[in-house]
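Undergrad: need coordinates for the following:
(one chain, ligands or ions: 1)
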Amino acid sequence: MVRLEGVGKVFPATRKSSAVTALSSIDLSAPKGSITAIIGRSGAGKSTLIRLVNGLERPSSGRVLVDGEDIAQLPEDRLRHIRRSIGMIFQHFNLLSSRTVFDNIALPLEIGGMARKEIAERVTPLLELVGLADKRDRYPAELSGGQKQRVGIARALATRPKLLLSDEATSALDPETTQSVLELLKRINSELGLTILLITHEMEVVKSIADNVAVIDGGKIVERGSTFDVFTHPQHHTTKVLLSGVPGMQLPAYAQAHLSQERREGAEVVLRIVFSGPHATDPVLSRLTGELGVSLNILGGAVDEIAGKPFGTLFVSFLADEARLERVRSTLAGLNLTTEVLGYVA
Ligand SMILES: Nc1ncnc2c1ncn2[C@@H]1O[C@H](COP(=O)(O)OP(=O)(O)OP(=O)(O)O)[C@@H](O)[C@H]1O
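TA: Now for the predicted structure:
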């Protein structure tokens with residue numbers, strides 16, 4: 001549905017500031033019907049990327065294809081047509097305060113010149129879909145944040161888009177409301193087959209709804225893959241930093257404080273064991289302590305679900321020389337568990 005090929009974006013120098021390379025060599029694809037998340041630190045280039053996809057900015061190099069059309073090459077009238085097949089939702093909802101819920105949702109249809117009767121036929125089921133049928137004549141000021149975002153979602157769906165772009169759509173909402181909005185987005189994705197491309201700084205959002213994730217840093221994609229793979233085995237430093245708040249990603253602070261990379265006499269090795277997929281519930285500890293005779297200290301851990309699959313991490317320490325450590329690691333590898341030596345604690 002969306003494909004970026006070798007995309008670069010340079011904002012030219014002005015009298016007051018020098019040129020800014022916001023994006024370079026971006027290759028990215030969001031398959032039809034998928035939910036793809038773009039994550040990155042502030043200033044990484046996420047908003048610029050979204051603005052290229054909806055045609056608000058033109059790339060300095062490369063191609064931006066939406067449903068097969070190179071949107072940078074389109075004449076203005078065709079671009080307007082494509083834009084109508086792209087819905088967008090925003091962090092601050094962007095509703096018109098002087099319009100009712102119904103009229104906010106109807107706005108893009110009015111702009112498109114649709115007859116009033118047809119508009120009502122389109123908006124009424126959308127109100128049902130987002131669970132706001134009883135709020136149709138209310139004004140935005142009378143709604144909660146979650147309800148406002150539901151209006152935003154219904155408005156974005158009014159033109160029956162193929163693609164929904166979400167720019168930090170849940171960032172202003174509390175965790176419970178965020179979950180209910182995410183459930184709505186997931187339902188829309190599966191029931192309407194809508195492709196969703198979202199940018200967010202909330203890893204909880206990515207973890208619960210995205211199929212795929214791309215990590216952007218300094219205007220470049222530094223890591224990408226299925227959400228499960230990227231979250232369970234992050235490779236790039238930026239990804240590790242972004243994921244550090246996800247339970248089980250980091251050694252607890254008390255243990256981190258004593259961690260050393262130097263192996264001193266009598267120090268215990270600290271291992272991160274990652275359980276994922278069908279082996280997440282295998283009895284690993286009993287095999288380690290039983291068959292291998294290792295006395296383990298449990299330092300921390302978490303069991304969670306990422307993109308619908310079970311995933312767990314366990315931080316352990318134990319006394320072992322090189323040979324025994326290798327035996328432990330190969331036993332765990334035989335059980336389809338991955339291990340990472342984090343260092344040593346005295
Ligand atoms: N219109 C513009 N003119 C000049 N520079 C710009 C413009 N828009 C963005 N930039 C620069 O491009 C870079 C990427 O900005 P962008 O807004 O895409 O980042 P972001 O990842 O969305 O950040 P945030 O999470 O803080 O919103 C930044 O260095 C920014 O200053």
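
Undergrad: mind listing what the closest residue to the ligand within the stretch 51-200 of the chain touches?
TA: Scanning the stretch 51-200 of the chain for the residue nearest the ligand gives residue 199, at 6.8 Å (criterion: C-beta to the nearest ligand atom). C-beta coordinates here come from the backbone N, C-alpha and C atoms, glycine included. Shown in contact with residue 199 (C-beta atoms under 8 Å, 6 or more residues apart in numbering): 37, 38, 39, 46, 47, 49, 50, 166, 167, 168.

Undergrad: contact partners for the residue nearest to it when sequence neighbours are not counted?
TA: Excluding its sequence neighbours, the residue lying closest to residue 199 (C-beta to C-beta, 6 or more residues apart in numbering) is residue 46, at 4.2 Å. Residue 46 is in contact with 38, 39, 40, 199, 216, counting by C-beta under 8 Å, 6+ apart.

Undergrad: now do the helices in this protein.
TA: Per DSSP state H, the chain carries helices over the ranges 46-53, 76-83, 101-111, 116-129, 145-157, 175-192, 203-209, 227-232, 237-242, 253-256, 284-290, 322-334.

Undergrad: so the nearest residue to residue 338 once chain neighbours are set aside versus residue 234, what's the distance?
TA: Using C-beta to C-beta, 6+ apart and skipping the chain neighbours, the partner closest in space to residue 338 is residue 274 (4.6 Å). If you measure residue 274 against residue 234 using C-beta to C-beta, to the nearest Å, the figure is 11 Å.

Undergrad: could you count how many residues lie near the residue in the stretch 151-300 of the chain that the ligand sits nearest to?
TA: Per C-beta to the nearest ligand atom, residue 201 is where the stretch 151-300 of the chain lies closest to the ligand, at 6.3 Å. Other residues near residue 201 come to 15 when the count uses other C-beta atoms under 10 Å.

Undergrad: try the one 10 residues further on
TA: Using other C-beta under 10 Å, residue 211 has 18 neighbouring residues.

Undergrad: picking up where we left off before, what about the contacts of residue 46, which are in strands?
TA: Those of these mapping onto strands are 38, 39, 40, 199, 216, per DSSP state E.

Undergrad: just for the stretch 151-300 of the chain, where's the confidence low?
TA: In the predicted model, the stretch 151-300 of the chain carries pLDDT under 70 at residues 277-282.

Undergrad: how is this structure divided into domains?
TA: Per automatic domain parsing, the domain ranges recorded for the chain read 2-242, 253-345.

Undergrad: tell me the most buried of the ones you listed?
TA: Ranked by mean neighbour count under mean count of other C-beta atoms under 10 Å, these are led by domain 2-242, which reaches a mean of 18.

Undergrad: in the ones in strands among the contacts of residue 46, find the pair that's most separated.
TA: Within these, 199 and 216 form the most distant pair, 8.9 Å apart (C-beta to C-beta).

Undergrad: what touches both of these two?
TA: The contact lists of residue 199 and residue 216 share 38, 39, 46, 49, where a contact means C-beta under 8 Å, 6+ apart.

Undergrad: of all those, which two lie farthest apart?
TA: Pairwise distances across these peak at 11.4 Å for 39 and 49 (criterion: C-beta to C-beta).

Undergrad: what touches both of these two?
TA: Going by C-beta under 8 Å, 6+ apart, residues that sit against residue 39 and also against residue 49 are 199, 216.

Undergrad: was I right about residue 79 contacting residue 54?
TA: No. If you go by C-beta atoms under 8 Å, residue 79 and residue 54 don't touch, sitting 9.7 Å apart.

Undergrad: joint contacts of the two?
TA: By C-beta under 8 Å, 6+ apart, no residue touches both residue 79 and residue 54.

Undergrad: picking that back up, against residue 51, how distant is the residue of the stretch 51-200 of the chain closest to the ligand?
TA: Taking C-beta to C-beta, one finds residue 199 at 11 Å from residue 51.

Undergrad: cool, and residue 256?
TA: Remark: distance between residue 256 and residue 51 (C-beta to C-beta) = 39 Å.

Undergrad: before we move on, the earlier item: now the shared contacts of residue 199 and residue 216 as TSV including distance to the ligand?
TA: Formatted as TSV, these follow (distance: C-beta to the nearest ligand atom, whole Å):
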residue	distance to the ligand
38	9
39	9
46	4
49	7
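
Undergrad: tell me the one of those residues nearest residue 7?
TA: Within the shared contacts of residue 199 and residue 216, proximity to residue 7 (C-beta to C-beta) peaks at residue 49, which comes in at 8.0 Å.

Undergrad: tell me the contacts of the closest one?
TA: By C-beta under 8 Å, 6+ apart, the neighbours of residue 49 are 4, 7, 23, 26, 28, 38, 199, 216.

Undergrad: now do the contacts for the nearest residue to residue 70 once chain neighbours are set aside.
TA: Once flanking residues are discounted, residue 70 sits nearest to residue 63: 5.0 Å by C-beta to C-beta, 6+ apart. Contact analysis of residue 63 by C-beta under 8 Å, 6+ apart lists 3, 4, 5, 6, 7, 70, 72.
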